[in-house]
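Peer 1: Next comes the sequence, and after it the predicted model I'd like to discuss.
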Amino acid sequence: MKFRIRVLFIFLILTSYSYSQEGIPVYSDYLSDNYYLIHPSMAGAANCAKIRLTARKQWFGQEDAPQLQTLTFNGRVGERSGAGIIIFNDENGYHSQKGVKLTYAHHIMFSRDEIDLNQLSFGISGGIIQSQLDETKFGGTFDPIVFGQIQKDSYFNVDVGASYNYLDFYAHATVQGLLETRRELYTDYESDNVRKFLLSAGYVFGKSNNITWEPSFLFQLFDKTKEKSIDLNMKAYKNMDFGSLWAALSYRRSFDGVQYSKSNNGIGSQKLQYITPIVGVNYKNFMFAYTYSQVTGDVKFDTGGYHQITLGINLFCKKERYDCNCPAIN
């Protein structure tokens, strides 16, 4: 009985953040110099075109554990425009989703010259997402609502957002899943409102002993369920002859939790929270990062964490960099 209660609790606390989680789940990928992945207004905002490839895996050793792969490319088009593309594959047990997003962004420069950063950006992404439910692995006795086949359904949705980069300060606001849509696979169980609001901001402090510090945060709000969470982040960069070494620490905490029965017949309460250290290196125009996330709390599905590798390359960089501590732009 205690085992069932714990499994039910884990299911509730995990699914509370997968409800309406259509499109690309928001993890800590953006901290690996990949803000475009969650903010369409960052397409072409930097002075280099960027390619980023990520591969994420949860709970090694667990069959059908969640995993996510993303491939992004974005760059400048002309003087005031940017464009990008995102391709992703997200798998979680019997469920999976694949998709592609195309992005257009417009950048308005208020700078006094070419190296003075003062940029307001607007972006919009349109994407096709295919959801899949694999019922061939269900097995067991006959159930009239189980077809025993792989079911698929596709839909279109839009993300919109704005960014402001001023010298060492930046802020982003994005609405993901703007349109109301319903997948036929889960008609009786899901809302057609998959809208999610993201707000992030940060500031990069000047160099001290050749180290630059960047505190930031990311706030998420699910429109339908009103679930909220916040990431508190700190990154540090050290310039080297070949590029830079950097590390980050992120702490995510939900504002919502659930109660569960404890072994001593008491009642416990727990909110989703995990800690994510990240290490990375920029070698000339190449970037490599490793991310590890560990869920904290008394009740967990598995003691293993979440692992992610990010590979990147910067292309077509401008010769003259902005005169600011702004790693995401420079």
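Peer 2: That came through fine.
Peer 1: Find the nearest non-adjacent residue to Val77, please.
Peer 2: The spatially closest residue to Val77, leaving aside those adjacent along the chain, is Ala83, at 5.0 Å (Cβ to Cβ, 6 or more residues apart in numbering). Backbone N, C-alpha and C define where each C-beta goes, glycine included.
Peer 1: what's the answer for Phe156, then?
Peer 2: The shortest distance from Phe156 to any residue that is not its chain neighbour, by Cβ to Cβ, 6+ apart, is 5.7 Å, and that residue is Ile128.
Peer 1: what about the one you found, distance to Asn157?
Peer 2: To Asn157, Ile128 is 9 Å away according to Cβ to Cβ, to the nearest Å.
Peer 1: returning to what we had before: tell me how many other residues crowd the residue nearest to Phe156.
Peer 2: The number of residues packed around Ile128, counting by other Cβ atoms under 10 Å, is 13.
Peer 1: Tell me the first helix or strand C-terminal of the host helix or strand of it.
Peer 2: Assigned by DSSP states H and E, Ile128 belongs to strand 118-134. Next helix or strand after strand 118-134 toward the C-terminus (DSSP H and E): strand 150-166.
Peer 1: how about the helices of the chain, start to end?
Peer 2: In the chain, the segments counted as helices under DSSP state H are 2-15.
Peer 1: so where's it shaky on pLDDT?
Peer 2: Counting by pLDDT under 70, the chain has low-confidence residues at 1-22, 139-145, 147, 182-184, 186-190, 299-304.
Peer 1: Show me the beta-bridge partners of the residue nearest to Phe156.
Peer 2: Counting by DSSP bridges, Ile128 is bridged to Val100, Phe156.
Peer 1: Contacts only, for it.
Peer 2: Contact partners of Ile128, counting by Cβ atoms under 8 Å, 6 or more residues apart in numbering, are 99-100, 154-156.
Peer 1: Among the residues you listed, which one is most surrounded by other residues?
Peer 2: The member of these surrounded by the most neighbours (other Cβ under 10 Å) is Gly99, with 22 neighbours in all.
Peer 1: so what's that residue up against?
Peer 2: Applying Cβ under 8 Å, 6+ apart, we find Gly99 in contact with 23-24, 86-88, 127-130.
Peer 1: can we see that at 10 Å?
Peer 2: 22-24, 70, 86-90, 127-131, 154-157 (Cβ atoms under 10 Å, 6 or more residues apart in numbering).
Peer 1: Then Gln132?
Peer 2: Gln132 is in contact with 91, 94-98, 150-154, 185, counting by Cβ under 10 Å, 6+ apart.
Peer 1: Generate a PyMOL selection restricted to the buried entries among those.
Peer 2: In PyMOL, a selection of the buried entries from these looks like this (16 or more other Cβ atoms under 10 Å):
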select buried, resi 91+95+96+97+98+153
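Peer 1: The contacts of Gln132: which two are farthest apart?
Peer 2: Within the contacts of Gln132, Tyr94 and Ser154 form the most distant pair, 17.8 Å apart (Cβ to Cβ).
Peer 1: so how far is Ala45 from the residue nearest to Val77?
Peer 2: 11 Å.
Peer 1: Which residues are in contact with each of the two?
Peer 2: With Cβ under 10 Å, 6+ apart as the test, Ala83 and Ala45 both reach 74-76, 105, 123.
Peer 1: JSON lines please, covering those residues and showing distance to Thr174.
Peer 2: Output for the shared contacts of Ala83 and Ala45, formatted as JSON lines (distance: Cβ to Cβ, whole Å):
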{"residue": "Asn74", "distance to Thr174": "14"}
{"residue": "Gly75", "distance to Thr174": "19"}
{"residue": "Arg76", "distance to Thr174": "20"}
{"residue": "Ala105", "distance to Thr174": "12"}
{"residue": "Gly123", "distance to Thr174": "8"}
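Peer 1: Grab the nearest non-local neighbour of Asp39.
Peer 2: Just to correct that, residue 39 is His rather than Asp. In space, His39 comes closest to His172 once its chain neighbours are excluded; the distance is 4.4 Å by Cβ to Cβ, 6+ apart.
Peer 1: thinking again about what came up before, what about Ala83 and Ala45, which has more around it?
Peer 2: Remark: of Ala83 and Ala45, Ala45 carries more neighbours, 27 against 18, as counted by other Cβ under 10 Å.
Peer 1: Got the phi and psi for the more buried one?
Peer 2: Comment: the main-chain dihedrals of Ala45 come out as phi -70, psi -30, following degrees, to the nearest 10.
Peer 1: distance of it from Gly127?
Peer 2: Remark: distance between Ala45 and Gly127 (Cβ to Cβ) = 19 Å.
Peer 1: Could you do Asp323 as well?
Peer 2: According to Cβ to Cβ, Asp323 stands 36 Å off from Gly127.
Peer 1: So those two - more neighbours on which side?
Peer 2: Gly127 (23 against 14).
Peer 1: Can you give me every residue that contacts the more buried one?
Peer 2: Contacts for Gly127 were tallied using Cβ under 10 Å, 6+ apart; they are 23-24, 40, 85-88, 99-103, 155-159, 176-177.
Peer 1: cool, and Tyr36?
Peer 2: Listed by Cβ under 10 Å, 6+ apart, the contact set of Tyr36 reads 30, 42-46, 50, 52, 72-75, 82, 84, 86, 103, 105, 123, 125, 163, 328.
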